[in-house]
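S.K.: Everything below, folded, please.
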Amino acid sequence: MMQPAGPVQARIESVVLGVQLAHVVVRISENRLVEAFIPRRYAEELNLGTRTTVTTRVTETEVLFEKD
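M.R.: I've put the predicted structure just below:
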């Protein structure tokens, strides 16, 4: 189980857009991936794509993304 942590620079490994949700896989370290389902609209607004660098914050119940 992941422990809540401060913001981490991460790289998006994949984004799969569904009708309403986007499945996003983010690499937060060499051997640790985080998967999240976010609203498709949010993924499109942030223009998330493979190899995009984002700031990620993982809590016990959610994964937050920020993009510069």
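S.K.: and Ile28, how many neighbours?
M.R.: 17 (other C-beta atoms under 10 Å). The way it works is simple: take the backbone N, C-alpha and C, and place the C-beta from them, glycine included.
S.K.: Which helix or strand contains it?
M.R.: If you go by DSSP states H and E, Ile28 is part of strand 21-29.
S.K.: list the buried ones in that strand?
M.R.: Within strand 21-29, the residues scored as buried using 16 or more other C-beta atoms under 10 Å are 21-22, 24, 26-28.
S.K.: Let me know how buried Ser14 is, in neighbour terms.
M.R.: Applying other C-beta under 10 Å, we find 14 other residues in the vicinity of Ser14.
S.K.: so what's it bridging to?
M.R.: Note on Ser14: beta-bridge partners by DSSP bridges are Val25.
S.K.: right, and it touches Val25 too?
M.R.: Yes. Ser14 is in contact with Val25 according to C-beta atoms under 8 Å; the separation is 4.7 Å.
S.K.: where does Val25 land on pLDDT?
M.R.: Listed pLDDT for Val25 reads 96.
S.K.: Let me see the contact set for Asn47.
M.R.: Lys67 (C-beta atoms under 8 Å, 6 or more residues apart in numbering).
S.K.: Let me know the secondary structure of it.
M.R.: Assigned with DSSP: H, G, I helix; E, B strand; the rest coil, Asn47 falls in the coil class.
S.K.: how near is it to Asp68?
M.R.: Taking C-beta to C-beta, to the nearest Å as the measure, Asn47 falls 12 Å from Asp68.
S.K.: picking that back up, which elements pack onto the strand holding Ile28?
M.R.: strand 8-17, strand 32-39, helix 40-45, strand 53-58, strand 63-66 (3 or more C-beta pairs under 8 Å, 6 or more residues apart in numbering; DSSP states H and E).
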